[in-house]
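Novice: kindly return the folded structure for what I paste below:
(chains A and B)
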2 protein chains.
Amino acid sequence: MKPLRIAFATLPALAACSPTGKSSIDRPNIIFFLIDDNGWVDSQVAYGEEVYPYNLRYDTPNMLRLAEKGVIMTSAYACPLSTPTRTALMTGMNAAHERITTYGALVRDTPTDAAGGTTGIINDNPEDIFARSDWNWNGLNPGDTVIDHALQATPLPRILKESGYFTIHVGKAHWAPAGTPGASPYNMGFAVNVAGSNSGYPRSYLSEENFGNTKDLWQGNAVMNMTEYYQSGTHLTDALTKEALKTLEYPIAEGIPFYLYLSHYGTHTPIQPDMRFYEKYRARGMDDGQARYASMCEGIDRSLGDLMDFLERKGVADNTVIFLYADNGGHSIDGRKGGIPHTQNTPLREGKGSVYEGGIREPLLVYWPGKTVGGMRINTPVGPEDFFPTILEMAGIQDYTTRQKTDGESFARLVTDGSVFAEKALKEGRVTGQKEANRLTIPQEVSGLDPQRPIVSHMPHQWRIEDQDEIDFMSAVRCGDWKLVYRMHAYQDRTKALELYNIREDIGEKYNVAAQHPEIVARLAKVLGDRLRSWNASMPIVRATGKPVPWPDEI
Amino acid sequence: MKPLRIAFATLPALAACSPTGKSSIDRPNIIFFLIDDNGWVDSQVAYGEEVYPYNLRYDTPNMLRLAEKGVIMTSAYACPLSTPTRTALMTGMNAAHERITTYGALVRDTPTDAAGGTTGIINDNPEDIFARSDWNWNGLNPGDTVIDHALQATPLPRILKESGYFTIHVGKAHWAPAGTPGASPYNMGFAVNVAGSNSGYPRSYLSEENFGNTKDLWQGNAVMNMTEYYQSGTHLTDALTKEALKTLEYPIAEGIPFYLYLSHYGTHTPIQPDMRFYEKYRARGMDDGQARYASMCEGIDRSLGDLMDFLERKGVADNTVIFLYADNGGHSIDGRKGGIPHTQNTPLREGKGSVYEGGIREPLLVYWPGKTVGGMRINTPVGPEDFFPTILEMAGIQDYTTRQKTDGESFARLVTDGSVFAEKALKEGRVTGQKEANRLTIPQEVSGLDPQRPIVSHMPHQWRIEDQDEIDFMSAVRCGDWKLVYRMHAYQDRTKALELYNIREDIGEKYNVAAQHPEIVARLAKVLGDRLRSWNASMPIVRATGKPVPWPDEI
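Specialist: Okay, here's the model as predicted:
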């Protein structure tokens, strides 16, 4: 890599020269508030064209508060699973391009597809029609030494740190397995790490169980760095928040711009109650699982509120960008969080693991003080790879080099100029309600982003040991209102393999209109095929032929 | 607490305003390199008046290298056990004043004296003549909320951080149990923490055992934050060093002065080999235990060397103070590190746990570039409470407030002006060899420190479940050449309870000369009694009377 230069070439790589405790250079602080396994309808912020029943289940006043200040991105996407989204956030690459397309194991050289990965048990059943594809199961490698089955790339926090940002990691990391540099947030360019490791979920959220740090519970996902809170009655979500606030004291006191990646373990399984809120939801008639999950959602909301309060108390709220985002759709393959399996993201189809909307459509709020018009709704789709250039643009870092070729496009102008455009439309009466606001198109000349650009989701694996018909071996692309879904299992029958949905009119993906629009199917299949080919994307291997499953435009 | 003011009152609380990457204010970086359970003779640096056999056992070229640059403190003391030294370093108080006088348990409300503390099993045998005294078994509490049996105090790193230092903790913390703020280095004022917790030793040093992070090994002392090194063949000492170097990248790049507290778990038990060096010592004829320990000592030395090399590469070596110190004497109650129990600190008597010299006399090197005269030997005794004011003086912080009343005195002038004085004596031929150099007295008018001032060591507990005659229930004071030892078990017989040694002539404490010098015994007993009374020091309770053991000047 060449040395970095930042945009303000005449300035030292140093932000803090003023005795006021604030940066004298107009570089905002940036907070990336990431929720795990949190669905699109799991808050009071109604991202859809209407308020859905799930939006009424959880009290999330602080998310509403943030939504009033920032923009509501109604069509934000993530990958169907955690590690791909998290690595894409670090690299600015599409997960298919990274060849990191399902979750990572705790230990090295352990592909997790076809299940059991964290324990090293691989189910590669010869009766299955597909054999495992080749992919980067050793995750993201930020180091200089090549690691087999790992993607070597320059991570975003390193660029931020080298440009003078104080970079802080709190919570879940999950980019790479033990024994590799990607297991450590320090190697990603964070100056501080609390609790981040190879682990993808917490053994326990409960301080009564020492967050998994007991002989009986320990199994590699016990949460680190939380000793202070053992037996204290503090839910992990709250403990991580308290730690995050501590780590902010230093850069705020010194007037150094900070990047805080507050990556909550919540609301991933295990579904364990946040007792600050649990009884309230029971009293509303929820069953135990529903109330546990609801309490976890409100715990996350309280974390956001505590953080916003803290920024205000410290006098830095007006110079701090906040992103709120989730890494994949809500968990819905069983009843652990209450409700009927495969329905918990209604109106969206399916959930975590799937390329149907329930698995990939995510909450996203973006607040850039003084730049975003509060409460505006923006419909242009964005994906996980887009945060990398967006954050660098917000930080004023224009000139940097990366080992990888990035895929993302900045949506900084989309949230600033785009929200001004939306406000104007509102004032001029061209938009009168939530549905119309969600359907407003921000033109490319305003945002710099083509509203029709493809958003590619790729999951060429079996997620769990049991077959999951609406999850395993699927790929999809959205272009504007249209979405093509490629069900690889059916690759021998084009009419079953390629589904087409009009997402605007059919957000639940109930009506496959492929037969009615063969030309759109062909166009989108070509778009998806071109992308996947250009990225050398991983594809499952057909056992009968020993060859990869065909690209979607070749079936 | 009042707000802090730093010495340079007209400057902002901010060190880095220069584009050169170096601080424009002459505040040195400070590294506190702390070794665990490392004895006075466990390196090639001969702190004594002669080179002892143990000094020839271990290859420590980097300690020699540091000793050539800095001063060799021949009479540095620690507490007999880990937690008291470590808390004294944070508070500037004598451990007896802190009422933290033996090691702390993993869990709250668990006195460790009379053994088994980490598991919560307390042996308070009614057949013992003493019952447990009251002491602060919940350790150091840096928080604002009172905790029962914990010392509330303002920790040194917080003062440093609030004065603009970037404060980094790497390694062993061990100030307080789980569930209290003292378990977290962040609450002590560190901006960064790697691996620090409530734990006092590592479950394993071996990456092959994931540093204790396996189901079979896990028992509360598994080391956190080392996931990157699992199964990599990296010894914990080396892994912590690598992490420490990573954390230094940020402040060095930004030109912010740093305070690095690199607190190695080594050379505490378990005695597990550092394979970079183990075979070499086997080839020299050492048995397995000896070679393991030797390899751990050299591992620590290599860590120091890697750190010094790094500072030189980064161009900050000339502005970085280095302290090398150990928290208590070498472990000697069994043969785990080879050799015959109770002899492994020869010529010193006893080892870890004891107030005899083997338990409390420690390696100490201090290098202050441009201020210390390299290789000079300084004989004035210093104790763990003296580092607090010394470090603040070196950092230029003169005006600060603490919740606690500190006891320590700065030895900054002792190492600077004192080493100039020693060099002059050498040049003038008044000193010609190691023995004379060790006997040179630095006058108080040069150092600011009375060479005769008392150094108090207090261990009013049973350390382990088995009785330890030369360790349990003892107290001592050194004043100049004389040392009084109070064996509390014998409190009913003054001739057995009070021992007097001339440390200069009898470093092995073989010749109790109390009978020959009753007036010195009386004087030192009064000094020790006065100190302990003024601190309201903890004393064991005599079961027969229900009253504390008498003070040493009252028997």
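
Novice: and A:G189, how far from A:F33?
Specialist: 19 Å (CB to CB, to the nearest Å). For glycine as for every other residue, the C-beta is placed from the backbone atoms N, C-alpha and C.

Novice: list the contacts for the nearest residue in space to A:H342 that is not next to it in sequence?
Specialist: Using CB to CB, 6 or more residues apart in numbering or on different chains and skipping the chain neighbours, the partner closest in space to A:H342 is A:S332 (5.4 Å). Contact partners of A:S332, counting by CB atoms under 8 Å, 6 or more residues apart in numbering or on different chains, are A:39, A:341-345, A:350-352, A:358.

Novice: switch the cut-off to 10 Å
Specialist: Counting by CB atoms under 10 Å, 6 or more residues apart in numbering or on different chains, A:S332 makes contact with A:37, A:39, A:339-346, A:348-354, A:358-359, A:470-471.

Novice: which single residue of the stretch 251-400 of chain A ends up nearest chain B?
Specialist: Here the stretch 251-400 of chain A gets closest to chain B at one residue, A:E254, 5.8 Å apart by CB to the nearest CB.

Novice: so that residue touches A:F166, yeah?
Specialist: Yes - if you go by CB atoms under 10 Å, A:E254 and A:F166 touch, sitting 8.1 Å apart.

Novice: neighbour count for these two, which is higher?
Specialist: Neighbours per residue (other CB atoms under 10 Å in any protein chain shown) separate A:E254 from A:F166, with A:F166 holding more: 28 against 24.

Novice: let me see the contact set for that one.
Specialist: A:F166 makes contact with A:15-16, A:29, A:160, A:190-192, A:247-248, A:250-252, A:254, A:256-260, B:166, B:191, B:250, B:254, B:256, according to CB under 10 Å, 6+ apart.

Novice: ok so the residue nearest to A:H342 is a helix residue?
Specialist: No - under DSSP: H, G, I helix; E, B strand; the rest coil, A:S332 falls outside any helix and is assigned coil.

Novice: separation between it and A:L524?
Specialist: 26 Å.

Novice: please enumerate the strands of the stretch 151-300 of chain A.
Specialist: In the stretch 151-300 of chain A, strands defined by DSSP state E, counting those that start in this stretch lie at A:151-152, A:166-171, A:192-194, A:258-263, listed in chain order.

Novice: can you list these in a markdown table and add mean pLDDT?
Specialist: What follows is the strands of the stretch 151-300 of chain A, written out as a markdown table (pLDDT from 0 to 100):
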| stretch | mean pLDDT |
| --- | --- |
| strand A:151-152 | 98 |
| strand A:166-171 | 98 |
| strand A:192-194 | 98 |
| strand A:258-263 | 98 |
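
Novice: picking up where we left off before, quick one, grab the pLDDT at the residue nearest to A:H342.
Specialist: A:S332 is assigned 94 on the pLDDT scale.

Novice: repeat for A:Q462
Specialist: 89.

Novice: does it touch A:Y103 like I think?
Specialist: No - with contact defined as CB under 10 Å, A:Q462 does not reach A:Y103; the gap is 12.0 Å.

Novice: between the two, which contacts overlap?
Specialist: A:112-113, A:353.

Novice: who wins for most neighbours among those residues?
Specialist: A:G353 (29 neighbours).

Novice: contacts only, for that residue.
Specialist: The contact partners of A:G353, by CB under 10 Å, 6+ apart, come to A:79-81, A:102-103, A:328-329, A:331-333, A:359-360, A:459, A:461-464, A:468, A:470-472, A:474.

Novice: try 6 Å
Specialist: Going by CB atoms under 6 Å, 6 or more residues apart in numbering or on different chains, A:G353 touches A:80, A:359, A:463, A:471.

Novice: can you show me the helices along the stretch 51-200 of chain A?
Specialist: For the stretch 51-200 of chain A, applying DSSP state H, counting those that start in this stretch gives helices covering A:61-69, A:82-91, A:95-98, A:156-162, A:185-188.

Novice: make a markdown table from these and add distance to chain B, mean pLDDT and mean neighbour count to it.
Specialist: Formatted as a markdown table, the helices of the stretch 51-200 of chain A follow (distance: least, CB to the nearest CB, whole Å; pLDDT from 0 to 100; neighbours: other CB atoms under 10 Å in any protein chain shown):
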| stretch | distance to chain B | mean pLDDT | mean neighbour count |
| --- | --- | --- | --- |
| helix A:61-69 | 24 | 98 | 19 |
| helix A:82-91 | 15 | 98 | 28 |
| helix A:95-98 | 20 | 98 | 29 |
| helix A:156-162 | 6 | 98 | 24 |
| helix A:185-188 | 5 | 98 | 26 |
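
Novice: need the ones you listed in JSON lines (columns: distance to A:R439).
Specialist: Supplementary listing: the helices of the stretch 51-200 of chain A in JSON lines, determined by distance: least, CB to CB, whole Å:
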{"stretch": "helix A:61-69", "distance to A:R439": "18"}
{"stretch": "helix A:82-91", "distance to A:R439": "27"}
{"stretch": "helix A:95-98", "distance to A:R439": "28"}
{"stretch": "helix A:156-162", "distance to A:R439": "32"}
{"stretch": "helix A:185-188", "distance to A:R439": "38"}
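
Novice: what residues does the stretch 51-200 of chain A have near chain B?
Specialist: The interface of the stretch 51-200 of chain A toward chain B, taken as CB under 6 Å from any CB of the partner chain, is made up of A:178-179, A:181, A:183-184, A:186, A:191-192, A:197-198.
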